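> let me see the structure of the following:
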Amino acid sequence: MGVGLLLMGLALAAAGKRIAAVEEDIRRRNNPVDVVVASGPIEAGEEFTPENLAKKSVPASGTGKRNVPAGDFELLLGSKAKSRVDPGEPVLWTDVEEPFEADVFSKTVPKGRRALTVDVDATSSFSGLLQPGDRVDLLAKGSDGGAERWVRNIPVIAVDRHLNRLARPSDSQETGTVTLMVTPGEGVTVASASAGGKLFWFLRNPDDNTSLSAERAGTRPSGAPRVEVWKGGIRIPNEHSLAETAS
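As a prediction, this is how the structure comes out:
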């Protein structure tokens with residue numbers, strides 16, 4: 001009888017833990033979160049405004065990463081809807097129209113620059129954290145093991161087919177390609193390393209305008225600092241560079 005009572009006690013304890021776990025899961029699923037919804041019909045191509053958007057509390061179980069949190073309400077203002085959103089329906093990141101259409105994308109490339117798309121993996125895309133508008137430094141190594149070459153402060157203009165970080169869903173699949181804005185010379189270096197060599201990616205702060213000469217200042221011999229002068233993407237020889245050439 002004692003063994004039976006012990007087993008019954010263990011069974012009741014296990015059942016109590018199970019019930020508590022189920023109750024906690026129900027509370028978590030029903031915990032309301034605030035998301036952005038359409039306060040009225042929003043047609044495709046129509047701008048998002050404070051008048052056609054609203055905030056609504058919905059169960060957490062009914063939301064996903066594509067939902068626009070209420071805290072990001074202002075980020076939508078001025079953007080345009082990619083498709084119709086009915087009144088009361090949640091606004092998703094995938095409902096936001098990207099700023100450029102594919103047939104005019106080439107017009108966004110400045111003269112003298114080129115858009116170059118390269119394949120990336122989880123490492124080079126920083127586990128999918130790389131976004132349009134970021135800037136990167138690239139270290140290129142050739143397939144023959146030759147000298148390393150740096151290509152610095154390169155703008156990321158697209159990740160996969162997305163040109164706008166707001167329109168790119170956070171739950172999208174693993175990043176496959178990244179499009180960079182480069183000069184023709186930089187494009188040759190990056191394309192060569194990407195095709196047969198090795199390309200190392202370094203993410204930098206977009207506000208970091210540190211020059212190459214400043215980054216190397218700690219490794220140069222003491223003496224007058226080397227100053228590089230660039231105009232229109234072309235290096236202008238100065239006194240130091242002329243002296244080095246003459247020597």
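
> so what's the model's average confidence on the lengthiest strand in the chain?
Identified as the longest strand of the chain according to DSSP state E is strand 149-159. If you average the pLDDT over strand 149-159, you get 90.

> so which elements touch that strand?
Applying 3 or more C-beta pairs under 8 Å, 6 or more residues apart in numbering; DSSP states H and E, we find strand 149-159 packed against strand 114-119, strand 135-141, strand 177-182, helix 184-196. In this view, the C-beta of every residue, glycine as well, is placed from N, C-alpha and C.

> redo that, cut-off 10 Å
Packing partners of strand 149-159 (3 or more C-beta pairs under 10 Å, 6 or more residues apart in numbering; DSSP states H and E): strand 114-119, strand 135-141, strand 177-182, helix 184-196, strand 198-204, helix 212-215.

> export those to CSV and tack on mean pLDDT and distance to Glu43?
Formatted as CSV, those follow (pLDDT from 0 to 100; distance: least, C-beta to C-beta, whole Å):
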stretch, mean pLDDT, distance to Glu43
strand 114-119, 91, 32
strand 135-141, 91, 36
strand 177-182, 92, 30
helix 184-196, 88, 41
strand 198-204, 90, 38
helix 212-215, 52, 50
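
> okay, the ones you listed in TSV with distance to Leu129 and mean neighbour count next?
Below are the helices and strands packed on strand 149-159 laid out as TSV (distance: least, C-beta to C-beta, whole Å; neighbours: other C-beta atoms under 10 Å):
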stretch	distance to Leu129	mean neighbour count
strand 114-119	17	16
strand 135-141	12	19
strand 177-182	12	20
helix 184-196	20	16
strand 198-204	8	15
helix 212-215	23	12
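
> nearest to Ala14, out of those?
Nearest to Ala14, of all those, is strand 198-204, at 49.1 Å by C-beta to C-beta.
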